[in-house]
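J.: Okay, here's the prediction I keep looking at, along with the sequence it came from:
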Amino acid sequence: MSEPRKPSREITQIAGRPLRPSTLMMGYGYDPVLSEGSLKPPIFLTSTFVFESAEAGKRHFEGITGKRAGGAEGLVYSRFNGPNQEILENRLSVWDGAEDALVFSSGMTAICILMMAFCQSGDVIVHSGPLYAASEGFVAKVLGKFGVSYLDFPAGATREELDAVLAQAKAQADERGGKVAMIYLESPANPTNALVDIEAVRDARDAVLDRDVTPIAIDNTFLGPLWQSPLRHGADIVAYSLTKYAGGHSDLVAGGVSGTKRWVDPVRALRNTMGGILDPNTSWMLLRSLETLEIRMQRATENAIKVCDFLKDHPKVAGLGFLGLLPEGSQQDIYRRHCAGPGSTFSLFIRGGEAEAFRFLDSLKVAKLAVSLGGTETLASHPAAMTHLSVPPERKAQLGITDNLVRVSIGIEDSGDLIADFEQALAAV
Ligand SMILES: Cc1ncc(COP(=O)(O)O)c(C=O)c1O
């Protein structure tokens with residue numbers, strides 16, 4: 001691992017009080033003294049970094065190649081690291097309470113490199129379902145080409161069901177001469193919002209498999225890093241599409257991975273070989289985004305609670321899939337144990353079918369008709385006809401991706417204006 005140049009003084013607590021992430025986002029990991037006093041980090045547009053001496057250059061490469069323990073020291077080459085990326089990685093670690101973090105050119109780059117870093121031919125991946133369609137496709141279609149097989153389980157699986165699928169995966173791996181390389185979760189799942197019991201997955205993994213061989217990774221895009229901290233509930237690695245709430249303005253594409261060094265280091269090694277690191281400009285934009293992350297996510301969530309409160313009893317609404325309105329049951333139990341807030345992305349079931357859902361979408365005046373989520377603006381889309389068009393009908397039915405389903409991501413506009421917009425669009429149905 002490459003150590004960033006250490007800022008001269010890093011204040012992370014005052015009189016024993018640890019500073020909160022929302023405070024640390026304004027300066028953590030950056031020392032103005034190293035950059036001409038500039039309050040904000042400059043954007044470092046350079047492909048390579050000058051060594052202080054030939055001996056220092058040798059030490060770098062001894063670290064990179066593993067000839068010397070401790071990894072690379074300092075900055076070497078921009079495919080491996082850079083100041084903007086390292087500050088961003090440090091700040092992402094703060095949010096997740098993680099030892100280490102990495103940033104990538106997209107959420108999918110992060111997820112693909114994460115999986116590849118731990119798999120080899122003969123191995124088995126176990127994942128929750130559904131996953132974001134591209135993640136599911138990567139496991140089934142791409143890793144499959146390299147001799148990695150998979151088993152999946154429904155997001156709401158019980159401890160008994162988890163034990164059974166992990167035992168089956170272990171038997172399959174033994175037969176193929178491989179290992180269970182990873183348990184990969186997505187919670188809440190895209191697009192159903194179904195939650196996975198991370199603690200139960202951890203307990204099942206510890207009972208059936210070897211925790212030093214099989215890490216638990218989780219895509220925390222929908223609630224993280226504010227409303228869910230999976231590392232505290234038993235996950236080893238957290239993955240993100242930072243394009244969503246972390247970026248938060250629908251103007252960039254990026255990904256992240258965080259966790260303990262033990263699990264992050266192999267991912268870094270593969271990222272640095274393949275070249276999936278985020279660029280300095282986008283890293284800088286994300287640093288700016290993280291300064292307002294808490295207030296954006298709080299406001300969007302407050303708005304979503306108000307909008308869903310309006311929608312829940314509307315005669316043209318057949319149902320709502322919102323974490324803030326879960327009925328009593330196992331999903332609510334997981335929510336209470338794992339989540340600090342419901343986020344602002346939910347499923348809205350319009351009474352009727354595709355025609356009614358389309359009429360609603362085409363009538364929206366404030367909310368924009370677009371895929372993606374987590375931005376300052378409210379977005380709405382139709383998963384069955386758009387993001388999940390390629391999913392076979394039986395799988396769609398199994399996942400509840402119906403023709404009357406509209407997926408909504410609430411932004412930070414005025415909540416009264418959003419309710420007025422939804423009211424007039426429902427009247428047009
Ligand atoms: C849950 C989830 N994971 C991963 C991704 C992929 O992220 P990106 O588009 O940044 O590659 C998405 C994108 O929508 C997503 O919703």
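T.: Yes, it's here. What you see is a predicted model; the values in this text were computed from it and never measured. Numbering: from 1, shown residues only.
J.: residue closest to the middle of the protein?
T.: Tyr240 (2.2 Å; C-alpha atoms, centre = their mean).
J.: Please report phi then psi for that one.
T.: Main-chain dihedrals, Tyr240, degrees, to the nearest 10: phi -140, psi 150.
J.: same thing with Lys316?
T.: According to degrees, to the nearest 10, Lys316 has phi -90, psi 0.
J.: Also Gln13?
T.: phi -150, psi 160.
J.: any idea of the pLDDT on it?
T.: Looking at Gln13, its pLDDT is 95.
J.: distance of it from the ligand?
T.: Here Gln13 is placed at a distance of 33 Å from the ligand (C-beta to the nearest ligand atom, to the nearest Å). Placement of C-beta: from N, CA and C, glycine included.
J.: dump the residue contacts of the nearest residue to that residue once chain neighbours are set aside.
T.: Nearest residue to Gln13 in three dimensions, chain neighbours excluded: Leu19, at 6.0 Å (C-beta to C-beta, 6 or more residues apart in numbering). Leu19 sits next to Ile11, Thr12, Gln13 when contact means C-beta atoms under 8 Å, 6 or more residues apart in numbering.
J.: quick revisit: would you agree the residue nearest to the centre of the chain is in contact with Ile111?
T.: No. Between Tyr240 and Ile111 there is no contact under C-beta atoms under 8 Å: 9.1 Å.
J.: For the stretch 251-400 of the chain, what lies in contact range of the ligand?
T.: Applying C-beta under 6 Å from any ligand atom, we find that the stretch 251-400 of the chain lies next to the ligand at Val253, Gly255, Ser372.
J.: who does the residue nearest to the centre of the chain bridge with?
T.: Gly256 (DSSP bridges).
J.: Could you measure from it over to Thr158?
T.: Distance, Tyr240 to Thr158, using C-beta to C-beta, to the nearest Å: 27 Å.
J.: What is the neighbour count of whichever residue of the chain sits closest to the ligand?
T.: Per C-beta to the nearest ligand atom, Gly107 is where the chain lies closest to the ligand, at 2.4 Å. A count of nearby residues for Gly107, using other C-beta atoms under 10 Å, gives 25.
J.: residues touching it, list them.
T.: So Gly107 contacts Thr221, Ala239, Tyr240, Ser241, Leu242, Thr243, Lys244, Val253, Ala254, Gly255, Gly256 (C-beta under 8 Å, 6+ apart).
J.: What is the neighbour count of the fourth one?
T.: The one in question is Ser241. When neighbours are counted by other C-beta under 10 Å, Ser241 comes out with 30.
J.: Surely it is in contact with Ser105?
T.: No. Judged on C-beta under 8 Å, Ser241 makes no contact with Ser105 at a distance of 11.5 Å.
J.: what touches both of those two?
T.: Common neighbours of Ser241 and Ser105 (C-beta under 8 Å, 6+ apart) are Ala254, Gly255.
J.: Near the ligand, which residues of the stretch 51-200 of the chain are found?
T.: Applying C-beta under 6 Å from any ligand atom, we find that the stretch 51-200 of the chain lies next to the ligand at Ser106, Gly107, Met108, Tyr132, Glu186, Asn190.
J.: May I have the phi/psi pair for the residue lying closest to the fourth one once chain neighbours are set aside?
T.: In this structure, Tyr132 finds its nearest non-sequential neighbour in Asn190, 4.6 Å apart by C-beta to C-beta, 6+ apart. Dihedral pair for Asn190: phi -90, psi 120, per degrees, to the nearest 10.
J.: What about Asn190, how many residues nearby?
T.: Number of residues near Asn190 (other C-beta under 10 Å) recorded here: 25.
J.: Next one: it from Thr345, what distance?
T.: 8 Å.
J.: quick one: common contacting residues for those two?
T.: Phe222.
J.: low-confidence ranges in the chain?
T.: Applying pLDDT under 70 to the chain flags residues 1-8.
J.: Do a quick rundown of the strands in it.
T.: Here the chain has its strands, by DSSP state E, at 13-14, 17-18, 100-104, 124-129, 149-154, 180-186, 216-219, 237-241, 255-259, 317-321, 345-350, 368-369, 379-381, 405-409.
J.: same for the longest one, what does it pack against?
T.: So the one you mean is strand 180-186. helix 107-118, strand 124-129, helix 159-176, helix 198-208, strand 216-219 (3 or more C-beta pairs under 8 Å, 6 or more residues apart in numbering; DSSP states H and E).
J.: Please look at Phe49 and Ala72 and confirm they touch.
T.: No. Phe49 lies out of contact with Ala72 (C-beta under 8 Å); the separation is 10.9 Å.
J.: returning to that earlier point: which residues do Tyr240 and Ile111 both contact?
T.: Asp219, Gly255.
J.: Phi and psi next, for Gly329.
T.: Dihedral angles for Gly329 - degrees, to the nearest 10 - are phi 150, psi -170.
J.: residues touching the residue lying closest to Leu88 once chain neighbours are set aside, list them.
T.: Using C-beta to C-beta, 6+ apart and skipping residues adjacent in sequence, the residue nearest Leu88 is Ser283, 4.7 Å away. By C-beta under 8 Å, 6+ apart, the contact set of Ser283 is Gly82, Asn84, Gln85, Ile87, Leu88, Val103, Ala254.
J.: Show me the two of the residues of the stretch 51-200 of the chain next to the ligand that sit farthest apart.
T.: Across these, the longest distance by C-beta to C-beta is 16.0 Å; it joins Ser106 and Glu186.
J.: Now do the helices in the stretch 201-350 of the chain.
T.: Under the criterion DSSP state H, counting those that start in this stretch, the stretch 201-350 of the chain contains helices at 261-274, 280-291, 293-311, 330-338.
J.: All set, thanks.
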